[in-house]
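Peer 1: Okay, structure incoming, though there's no sequence with it:
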């Protein structure tokens with residue numbers, strides 16, 4: 001006997017299914033795009049497509065809401081990547097992912113907790129093709145099997161497996177997999193911020209690795225010390241000594257939160273966000289291999305103090 005199809009869900013059930021997977025969808029899209037604003041717009045498109053489908057009286061029931069929603073999310077993200085790539089061609093200076101400042105209250109009980117990639121890995125993902133990035137994010141970050149990804153992307157499992165191997169090799173060559181111990185990472189971030197913004201050259205040289213690289217993203221609107229990456233400990237230290245001399249003597253505040261997976265320093269001047277600074281550590285060490293400084297005001301609009309539980313960064317807390 002053929003089983004009867006499941007009944008069409010109510011409007012409340014449709015909403016609950018979407019909200020139950022919202023954090024997963026947000027994280028998938030963000031890891032594919034690296035832009036908070038684009039992620040929010042794409043997520044809204046996913047909701048509109050999901051709700052519109054259930055308003056059709058003759059639509060077939062969705063048997064696997066998670067897979068269906070992820071497929072919509074990935075397709076929306078891929079469509080937006082093409083437009084973002086065109087806009088990137090005229091971007092002034094280095095482009096860094098938009099900081100996604102997170103708080104524990106962003107994810108409530110009963111929802112899928114978001115997965116996060118480090119800023120360093122997100123930067124490497126920018127060198128992949130959109131398809132390679134989608135496969136890498138779905139397989140390496142969220143653990144989707146190759147046959148599942150094949151159905152999401154309308155590709156053969158063999159093609160997806162080959163793409164996954166190519167993407168994984170590319171990422172690991174440029175950023176070998178390592179996970180700094182969280183407390184150490186936080187401690188080094190604080191040491192760096194205190195030395196760099198306080199003009200302490202000796203302390204800064206102690207925390208920087210010899211081959212450190214600095215990326216600054218001002219987007220032509222915010223302060224950026226260099227339009228190109230700066231390489232080498234002495235050169236990077238000299239940049240931050242110049243920054244420290246140019247900073248206002250009063251009204252500068254540093255708070256510590258997380259951007260996705262990374263500890264970060266949130267720098268405020270006169271109550272307004274000036275920079276989000278993230279450091280990447282050397283594998284197995286306590287020296288800084290990379291510094292990512294985002295000062296583009298368009299990428300800092302969501303970085304502001306707030307009350308606990310509002311879903312925005314709570315900058316008056318430690319890690």
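Peer 2: Cool, got the structure. Computed from a predicted model, the values in this text were never measured in an experiment.

Peer 1: switch to C-alpha atoms for all contacts and neighbour counts from now on
Peer 2: OK.

Peer 1: For this structure, which segments count as strands?
Peer 2: 101-102, 208-217, 230-231, 252-259, 262-269, 272-281, 288-294 (DSSP state E).

Peer 1: when you compare where the last one runs with where strand 262-269 runs, what's the angle?
Peer 2: In other words, strand 288-294. Orientation note: strand 288-294 sits at an angle of 40 degrees relative to strand 262-269 (axes from the mean of the first three to the mean of the last three Cα atoms, to 10 degrees).

Peer 1: among the strands of the chain, which is nearest residue 140?
Peer 2: With Cα to Cα as the criterion, residue 140 lies closest to strand 262-269 of the strands of the chain, at 17.9 Å.

Peer 1: so where's this structure uncertain?
Peer 2: Low-confidence segments of the chain, defined by pLDDT under 70: 1-9, 59, 102-115, 224, 249, 304-319.

Peer 1: quick one, helices of it?
Peer 2: 11-33, 36-54, 65-88, 119-125, 130-136, 146-153, 157-174, 182-198, 201-207, 233-246 (DSSP state H).

Peer 1: need the strands of the chain in a markdown table with mean neighbour count and distance to residue 56, can you?
Peer 2: Formatted as a markdown table, the strands of the chain follow (neighbours: other Cα atoms under 10 Å; distance: least, Cα to Cα, whole Å):
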| stretch | mean neighbour count | distance to residue 56 |
| --- | --- | --- |
| strand 101-102 | 22 | 36 |
| strand 208-217 | 22 | 45 |
| strand 230-231 | 18 | 55 |
| strand 252-259 | 20 | 40 |
| strand 262-269 | 23 | 43 |
| strand 272-281 | 24 | 45 |
| strand 288-294 | 24 | 44 |
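
Peer 1: Quickly note the distance from residue 100 to residue 71.
Peer 2: As judged by Cα to Cα, to the nearest Å, residue 100 and residue 71 stand 23 Å apart.

Peer 1: I meant to write residue 63 there.
Peer 2: The spacing between residue 63 and residue 71, counted by Cα to Cα, is 14 Å.
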